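[1] mind looking at a prediction? Sequence and model below.
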Amino acid sequence: MTTSAGEATGTVDPTGTHRAAGIRPALLAAAAQVVVLTVGSIGYGFHRDELYFRMLAPAWGYVDQPPLTPWLARTFTSLVADEAWALRIPATMASAASVVLLGLVARELGGDRRAVAFAAWGAAFAGLPLALGHVLLTSTIDLPLTLAVVLAVLLALRANPRWWLVAGAVAGLATWNRLLVPMLLLGVVLGLAVLGPRAPLRTRWPWLGAVVAAVVAAPNLAYQWQHDWPQLAMGRALAESNAADVRADLPLILLIAIGPPLVVVWLAGAWEAWRQPRARWLLGPAIVLLAFTVVTAAQPHYPLVMIAVLYAVGCLPLSRWVGGHAWRLAVVVGLIALNAVVSVVIALPVVPVTALGGTPLPDISTLVADQVGWPRYVGQVASVAAQSDDPGSVVITSNYGEAGAVARYGPALGLPAPYSGHNELGTLPGPPEGTSTVVFVGWQLDDVSHLFATCSVLARLDNGEGVDNEEQGAPVALCQDPVLPWAQLWPQLAHLD
C-alpha cells in the first residue's frame, strides 16, 4: 500500500482534512510577545493582587482562591527578586503559552500556515490577553490551562482518544488555580451531547478523563469541603459587590477582549465552528461560560478563553477570504497591527507614569490604575505611624492591596507587619489583646471608626501622579482604645469582596 506525501508529513488527517504542517508562526508570535512583556514588566509597579499574593503564607488553599498563583508569586519573589518584573516571569510564560496553544487550535481545525499566523499574532497582541499577561493574576495562569483542555479535547476527537486523559489531568491542575474549569467541562459535555459528535461520549475515554480530573483536583476539593466551600461564599460576595457592573460591562468585554477591529473574526469563528461538525461542540462551552457570567455576575472576563478560541477558529475563514489577494492580506495585517498598537498602549506602561493621570488609561483599565502609587502610599502611612507615641501600635488596612504594599515597603520605613480583614487576611489572627493604638488605612474606616474611642484622620493617600485609583484620597487615621476585646472586634473587620 502506498503512502501519499501529505500522509507521510502528517498534513492530512484520517478524515482527509488539510492540516498545517508547521507551528512556527505561533512560536515567533509568542517570542515577540515575551520580549514586549519582559520590557513592559519594568514600568509602573506591583499590581494590588500581586502584592497580596506575595504575602500569603503557603497553604493548600485560601478563602478567595486556590493556591497555585500565590505559590508562583512567592516562589519568584523569593528565588529571583522581590520586584514586579521577577514576579511577572510566570505571567509572561503563561501568556506566551496561550499564544502557542491558540495557534495549535487553529492548526488542529485545519488552518493553514497563514491562519495559524493570524491566530497567534492577533492573540499575542490583543487587548485583554496582553493586559493579563502583563501582571500575575489568577486569570493569567487560567488562560493557558483552559486552552490546553480545549486543545486536548480536539486532539482526542481527531487523533487518539487517550488525549481525554490529558484533558482530565490539565483540568484537574486548573482547579488548583481557579474553580472555573468545571463550567468549561460542563460546556464540553453539553456541546458534544447536543451539537455532536456524540459518539465519543459512548466510549469510556471521556469518563476516564473525568476520573483523572477528579483525582488531580482531589486535594484542592478536599480543602474546599473541609472549609465549608469558601469559594461559593466568595462568589456570592463578588456578585453582591459587582453584579450590576459585571452585567453592564460584559458587552464591552466582548468587544475589547480581542479588540474591536477583530470582533468580526471571532464572530466568524462562531459561524465556522457551527459549519464544522467536529468543531461545533466548541459553542457549548462558549455558551455555558457566557451564561455563567451573566447569572453569577462575579467577574466579567470568564468568557475570555472561549472568545480567544473562537477567534482562532475565525482565522480559518479569514485566511480563505484573503486567498491570493495582496490587498486583502494588507487589510488583515493592518487591522492586526492597529489592534496591537492600541492594545500595547492600553495594557503596558508605554505612557510615563508622570503623564498617566492626564490620560483616559486609568479609567479604561483598572489594571493600569492599580499599579500606581504603592511606595508613596506606604510612606504616608509611615508618616502617620510616626505621630503615635505607642510602641505597640499596629497597622490595619481596608484591603489586601494596602496590606500587601505595607508588607512589601513598610519594613524599610519601620512599619510592623500589617493586619487586614479583607478575604484570606481576615481569617488570620488579629492584633494581640492589649493593643490600644491602630494606624487605620483606607475607606473601611467609615464603617469601623465606632469600634474605637477616638479616630483622627491625619492624612489622605495621594499617589502624586493624579491617577484615580481605589486608594486615592483614602483616609489614614490614628485610632485609639478599642471599645471591645480584640477577640470580639476582629471578626467585625472581616469582609469578602
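    Cool, got the structure. Numbers count the residues shown, from 1 in each chain.

[2] quick one: contacts for the closest residue to A167 other than its chain neighbours?
    Leaving aside its sequence neighbours, A167 sits nearest to A152 (Cβ to Cβ, 6 or more residues apart in numbering; 3.7 Å). The way it works is simple: take the backbone N, C-alpha and C, and place the C-beta from them, glycine included. A152 sits next to W163, W164, V166, A167, V170 when contact means Cβ atoms under 8 Å, 6 or more residues apart in numbering.

[3] with respect to R48, which of those residues is nearest?
    Within these, the smallest distance to R48 is 28.8 Å, found for V170 (Cβ to Cβ).

[4] now the closest one. Nearest residue, chain neighbours left out?
    A148 (4.7 Å).

[5] host element of that neighbour?
    Secondary structure assignment for A148, by DSSP states H and E: helix 138-158.

[6] quick check: next helix or strand after that helix?
    Using DSSP H and E, the first helix or strand after helix 138-158 is helix 163-174.

[7] ok and that next one relative to helix 138-158, angle-wise?
    170 degrees (axes from the mean of the first three to the mean of the last three Cα atoms, to 10 degrees).

[8] what residues does helix 163-174 touch?
    So helix 163-174 is in contact with 142, 145-146, 148-149, 152-153, 155-156, 180-181, 184-185, 200, 205-206, 208-217, going by Cβ under 8 Å, 6+ apart.

[9] ChimeraX command to pick out the buried ones of these?
    Here is the ChimeraX command that selects the buried residues among the contacts of helix 163-174 (16 or more other Cβ atoms under 10 Å):
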select :142,145,146,148,149,152,153,155,156,180,181,184,185,200,205,206,209,210,212,213,216,217
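
[10] and the next helix or strand past the longest helix seen in the chain?
    Secondary structure of the chain per DSSP state H: the longest helix is helix 230-256. Next in sequence after helix 230-256, counting helices and strands by DSSP H and E, comes helix 263-275.

[11] show me which positions of that following helix end up buried.
    V263, V265, W266, A268, G269, A270, E272, A273.

[12] now do stretch 485-497
    Buried, per 16+ other Cβ under 10 Å, within stretch 485-497: W486, L489, W490, L493, A494, H495, L496.

[13] what's the closest of those residues to Q226?
    Nearest member of the buried residues of stretch 485-497 to Q226, counting by Cβ to Cβ, is L496, at 18.1 Å.

[14] I'd guessed the closest one sits against A239; true?
    No. Judged on Cβ atoms under 8 Å, L496 makes no contact with A239 at a distance of 11.0 Å.

[15] point out the other helices and strands that the helix or strand hosting R54 packs with.
    Using DSSP H and E, R54 sits within helix 48-55. Contact here means 3 or more Cβ pairs under 8 Å, 6 or more residues apart in numbering; DSSP states H and E; on that basis helix 48-55 packs against helix 68-79, helix 84-87, helix 400-409.

[16] and L304, which of these is closest to it?
    Taking these one by one with Cβ to Cβ, helix 68-79 is closest: 16.1 Å.

[17] what does the helix holding R54 rub up against?
    Counting by Cβ under 8 Å, 6+ apart, 46, 69-70, 72-74, 77, 82, 84, 87-88, 135-138, 370, 374, 399-401, 403-405, 407-408, 423, 470 sit against helix 48-55.

[18] about what we covered before: and the angle for the longest helix of the chain with helix 263-275?
    Using the same axes, to 10 degrees: helix 230-256 against helix 263-275 is 110 degrees.

[19] list the buried residues in helix 230-256.
    Here helix 230-256 shows 230-231, 234-235, 237-239, 242, 246, 250, 253-254, 256 as buried, counting by 16+ other Cβ under 10 Å.

[20] which strands or helices does it pack on?
    helix 127-134, helix 283-296.

[21] hey, which of the ones you listed is tucked in deepest?
    helix 127-134 (a mean of 26; mean count of other Cβ atoms under 10 Å).

[22] what mean pLDDT would you report for that helix?
    Mean pLDDT, helix 127-134: 91.

[23] contacts for that helix?
    So helix 127-134 is in contact with 33, 37, 40-41, 88, 91-92, 94-96, 98, 123-124, 139-140, 143, 253, 256-259, 301, 304, 308, 339, 342-344, 346-348, 365, 367, going by Cβ under 8 Å, 6+ apart.

[24] how far off centre is that helix?
    9 Å (Cα atoms, centre = their mean, to the nearest Å).

[25] between helix 138-158 and that helix, find me the angle.
    Using the same axes, to 10 degrees: helix 127-134 against helix 138-158 is 120 degrees.

[26] related to what we said a few turns ago, quickly name whichever of the buried residues of helix 263-275 is closest to Y62.
    Using Cβ to Cβ, the buried residues of helix 263-275 come closest to Y62 at W266, 33.3 Å.
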